[in-house]
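1. Build me a structure from this.
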Amino acid sequence: MAETIVMKFGGSSVADAQRIKAAAARIADRRKAGDRVVAVLSARGDTTDELLQMAAEVSESPDPREMDMLLSTGERISCALAAMAIRDLGYDAISLTGSQAGIVTDTSHTRARILDVRADRITEALDAGQVVLVAGFQGVSTEKDVTTLGRGGSDTTAVAVAAALGASVCEIYTDVAGVFSADPRIVPDAKKLGTVSFEEMLEMASSGAKVLQLRSVEYARTHGVRIHCRSSFDPGDGTIVVNEEENVEHPLITAVTHSTEEARVTLSGVPDTPGVAGAVFGALADAGVNVDMIIQNEPTEDDKAADMSFTVATEDLRDARAALDGLMEAQGIQSIAWDEQMGKVSVVGAGMRSNPGVAATVFRTLGEQGINIEMISTSPIKISCVVSADRVADAVRALHAAFDLGDDEDGAQTPHGAAR
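-> Next up is the predicted model:
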């Protein structure tokens, strides 16, 4: 019986005509082998950034609904072009928008979440022998408006479609050869990982690894979708993301990840009264701002006021400012400071659960490099440190070496891009 597979191609994989033809050939090869194929495509290259620039040229504050109408066009272009190329190779193909593919979302414009995939039309096309091209990153809301899923949302589209179809695998094709132990642009001897558990991949995605979008990994784990992250340009196997019980390798540390897109917010003179923290983080949540690390010191004896610091993604800083500016007077907060020159470095590994001393090694290594740790957060399989953005690369290299994560083979497995 033919298997159903989902193949997702990122923006760099369809950036120009030649790459679209190459992706089409790869899709056609799977159809030729007898598989039922659905391909989810991102917008070409810098298309999304160009659309954002167009919006900025006509409006200082574009309406979110209209932004979704605009941004959803990029993926539709990719799908239509790929369908044409596949037809030229002798295979029937049809392109579908997110709404035509049955992807139903909530009503949150520019950051919608998938509620359901009603894949009847996809199934009908597959039954008719067609290759189905689905526009990633988008859907239709319960109020029948076009919505988009946020940066990297095509990964989530692909996983959701794979779950709805009961696909045997969801292959994510990017400009990297898989998931690496660190960004090879920073650590030349970083090694490609054969398998990674969902739990580890979730921690890596949340702490800076951009090979897979966080929500796509969450969705895959919840719905039992097997992910194979591989290169669009090389035929070899990549990294398979599997359930914890399937991952027989449990190294102490699997990878060192990083982000230079962190901003620290510090609230000074926060009244030591019940409800203030709830008001602060409630306002941020209402604005769609995700908060990462949080630190609050003890209030002073004199005025019973405390200082509170937390980190947010740099791209959320404007929304965070707007949400918090209105709270200062209402909650009696004395001042708010912003620092956009922060970064984060994390060590991730399922093996650290049963091995003491990982934290000591992290802190000692950073101390020996003269890298000051501003904030710390931990989970059972991750330790993250906020450091100055200009020391992030030094921290990654030092920690990668300290835990001996380098490739044992001669020469690093250098991909076309970087598994950040």
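
2. ranges for the helices of this protein?
-> Counting by DSSP state H, the chain has these helices, from start to end: 17-32, 47-58, 64-71, 73-88, 120-127, 153-165, 198-206, 214-223, 276-286, 317-325, 328-331, 358-368, 392-402.

3. Out of those, which is the most enclosed?
-> A comparison of these by mean neighbour count, using mean count of other CB atoms under 10 Å, puts helix 153-165 on top with a mean of 28. From N, CA and C alone the C-beta is placed, and that goes for glycine too.

4. Grab the CA positions of that one and hand them over as PDB.
-> Output of helix 153-165 as PDB, limited to C-alpha atoms (Å, rounded to 0.1, in the frame of the first residue of the first chain):
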ATOM      1  CA  GLY A 153       4.500  28.800  10.600                       C
ATOM      2  CA  SER A 154       5.000  26.600   7.500                       C
ATOM      3  CA  ASP A 155       6.600  23.900   9.700                       C
ATOM      4  CA  THR A 156       3.500  23.800  11.800                       C
ATOM      5  CA  THR A 157       1.300  23.600   8.700                       C
ATOM      6  CA  ALA A 158       3.300  20.600   7.500                       C
ATOM      7  CA  VAL A 159       3.100  18.800  10.800                       C
ATOM      8  CA  ALA A 160      -0.600  19.500  11.200                       C
ATOM      9  CA  VAL A 161      -1.400  18.200   7.700                       C
ATOM     10  CA  ALA A 162       0.700  15.100   8.400                       C
ATOM     11  CA  ALA A 163      -1.200  14.500  11.600                       C
ATOM     12  CA  ALA A 164      -4.600  14.900   9.800                       C
ATOM     13  CA  LEU A 165      -3.600  12.500   7.000                       C
END
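
5. Start the count at 13 instead of 1 going forward.
-> Happy to do that; since the first residue is 13 now, the last one works out to helix 165-177.

6. angle of that helix against helix 226-235?
-> Here helix 165-177 points in a direction 10 degrees away from that of helix 226-235 (axes from the mean of the first three to the mean of the last three CA atoms, to 10 degrees).

7. I'd like the average pLDDT over helix 165-177.
-> In this model, helix 165-177 carries a mean pLDDT of 96.

8. Show me how far that helix is from its chain's centre.
-> 14 Å (CA atoms, centre = their mean, to the nearest Å).

9. rewinding a little: format the helices of the chain as JSON lines; extra columns: distance to Leu279.
-> Output for the helices of the chain, formatted as JSON lines (distance: least, CB to CB, whole Å):
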{"stretch": "helix 29-44", "distance to Leu279": "47"}
{"stretch": "helix 59-70", "distance to Leu279": "30"}
{"stretch": "helix 76-83", "distance to Leu279": "27"}
{"stretch": "helix 85-100", "distance to Leu279": "38"}
{"stretch": "helix 132-139", "distance to Leu279": "48"}
{"stretch": "helix 165-177", "distance to Leu279": "32"}
{"stretch": "helix 210-218", "distance to Leu279": "23"}
{"stretch": "helix 226-235", "distance to Leu279": "26"}
{"stretch": "helix 288-298", "distance to Leu279": "7"}
{"stretch": "helix 329-337", "distance to Leu279": "8"}
{"stretch": "helix 340-343", "distance to Leu279": "9"}
{"stretch": "helix 370-380", "distance to Leu279": "26"}
{"stretch": "helix 404-414", "distance to Leu279": "25"}
